[in-house]
Every structure is written in structure tokens, then in C-alpha cells.
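In: Structure, please.
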Amino acid sequence: MSWGMRKTPARKRRDAMKRDELQTKIEEDKLLEFTMACEDGDPDGCFSLAEWHAIVDKNHEKAASMYMENCLTRAHGASCHHMGLLHGGLVNWRRHGPCMSLTVVVVGVMMV
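Out: Residues are numbered from 1 along each chain as shown. Model prediction:
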């Protein structure tokens, strides 16, 4: 590598900022895409939106409620499965008791 190609600390910081800005833009675009798909009633879009809340936003309660709604209203098997996993102990979710958890897990198993 020649001297002109060397990355200076300032260039590294600038590149990192560009990378972070691009990542934020991608996340915002995906959130919009998934939200619009879910609002249109697409079960896969709602599942993707719930995944976004769980993974990117780290809002497990919001994700769990979206999984449950998508499972019960749209009979989306993967949503039922994820709701069962979340409610089964991977994340402490307090809105529903053990009976609802059992119902969601059974529905998820029957659909898969």
C-alpha cells in the first residue's frame, strides 16, 4: 500500500460515520416498508415488523404483542411460534398468563 492509500484516523472516523448513517437509513427504510405492508394486512409484513421491533428496536413487548395479533387474527404460523418462544421464557413478558401462552404455543404447533 502506498503512502497515499493509508487510512488516517480522520478518514477512519469519516468512514465509520458514513457506515453508521447508511445503516440508520437502511433501518428506517425497512421500518417504513414493514409498517406499510402490515397496514395493508400482509401477515408476512406484520411478522417482519415484529422482527424489526425485537431485533433492531429491542422492544420485546411490542414485538410480542405484534406476534400475538398476527397469530390470532391472521393465523400466521411463524408469528405463533415466535410468540410462544417469547412468552415461554426467552423474554419476560407480563401481559398474559400461562393459559394464553399454552394457547399460542398449541396454535403455533398445529399450524407449522
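In: And the strands in this protein?
Out: For the chain, strands defined by DSSP state E do not occur.
In: Spatially central residue for it, please.
Out: residue 51 (1.7 Å; CA atoms, centre = their mean).
In: my guess is that residue meets residue 62, correct?
Out: No. Counting by CB atoms under 8 Å, residue 51 sits too far from residue 62 to count as a contact (11.3 Å). Where C-beta positions appear, they are placed from N, C-alpha and C, glycine not excepted.
In: And the helices in the chain?
Out: Using DSSP state H, the helices of the chain run over 9-39, 43-55, 60-74, 77-85, 98-111.
In: Out of those, which one sits most buried?
Out: Of the helices of the chain, the one with the most neighbours on average (mean count of other CB atoms under 10 Å) is helix 77-85, at a mean of 23.
In: Counting by contacts, list what that helix packs against.
Out: Judged by 3 or more CB pairs under 8 Å, 6 or more residues apart in numbering; DSSP states H and E, helix 77-85 is in contact with helix 43-55, helix 60-74, helix 98-111.
In: which residues are contacting stretch 44-57?
Out: With contacts defined as CB atoms under 8 Å, 6 or more residues apart in numbering, stretch 44-57 is touched by 27, 30-31, 33-38, 59-60, 62-63, 66-67, 69-70, 74, 76, 78-79, 82, 86.
In: Alright, I will stop here.
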